[in-house]
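>>> Fold the following and give me the result.
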Amino acid sequence: MILIPPGSTIGIVGGGQLGRMLAIAAAQLGYRCHIYDPSEAPPAAEVSARFTRGRYEDEAALARFGSEVDVATYEFENIAAGPLSALAAEAPLYPPRRALEIAQDRLAEKEFVLDLGAPRALRRHRQCSRAGWGAGEDRNPRHPEDPPLRL
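Alright, predicted model coming up:
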């Protein structure tokens, strides 16, 4: 964990309502915010120390933005992860780009959680008696490698 002293500048990629709320909260804690957004007048820019207008795909502009902040974040998960590498090369980016890539891909997200040792989720299957089970009978299949359930 890194400590960001008050007075530091937090770069926020995205200037919507979440960016605005983040900038207001940061200001109350003594931080300055610099917003990066393609819009002409995003809501977060109204309450931030600085605003840079740029496309989310513009790696050169993101790198310049990163050189002007002490730490950076993004306000939404629909942004392309690739161009954020240019920003992360200039300033610490939280959550890291890899976290964004995982969050954008549900299969990668599931595999990541399983790799951390989490048990697979129980799946409830219901089949009618025509398939050989009694109507309403439940079955909870588990993977053989999952640890026993503790209730």
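>>> give me the beta-bridge partners of residue 73?
residue 12 (DSSP bridges).
>>> and the helix or strand encompassing residue 64, what does it pack onto?
Residue 64 belongs to helix 59-67 when assigned by DSSP states H and E. Contacts defined by 3 or more CB pairs under 8 Å, 6 or more residues apart in numbering; DSSP states H and E place helix 59-67 against strand 9-13, strand 32-37, strand 50-53, helix 84-88. The way it works is simple: take the backbone N, C-alpha and C, and place the C-beta from them, glycine included.
>>> avg pLDDT for the next helix or strand along the chain from the first one?
When you say that, I think you mean strand 9-13. Counting by DSSP H and E, the next helix or strand C-terminal to strand 9-13 is helix 17-28. Mean pLDDT, helix 17-28: 97.
>>> Show me which positions of helix 17-28 end up buried.
Neighbour-count burial for helix 17-28 flags 19-20, 22-23, 26 (criterion: 16 or more other CB atoms under 10 Å).
>>> hang on, the earlier thing: now the helix holding residue 64 and strand 9-13, what's the angle there?
Per axes from the mean of the first three to the mean of the last three CA atoms, to 10 degrees, the angle that helix 59-67 makes with strand 9-13 is 150 degrees.
>>> Can you point out the buried residues in helix 59-67?
Residues of helix 59-67 classed as buried: 59, 61-66 (neighbour count, 16+ other CB under 10 Å).
>>> As PDB, could you dump the C-alpha coordinates of that helix?
Below are the C-alpha coordinates for helix 59-67, written out as PDB (Å, rounded to 0.1, in the frame of the first residue of the first chain):
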ATOM      1  CA  GLU A  59      -2.100   6.800 -25.200                       C
ATOM      2  CA  ALA A  60       0.100   9.900 -25.700                       C
ATOM      3  CA  ALA A  61      -2.500  12.200 -24.000                       C
ATOM      4  CA  LEU A  62      -3.000   9.600 -21.200                       C
ATOM      5  CA  ALA A  63       0.800   9.500 -20.600                       C
ATOM      6  CA  ARG A  64       0.900  13.300 -20.400                       C
ATOM      7  CA  PHE A  65      -2.000  13.200 -18.000                       C
ATOM      8  CA  GLY A  66      -0.200  10.600 -15.900                       C
ATOM      9  CA  SER A  67       2.900  12.800 -15.700                       C
END
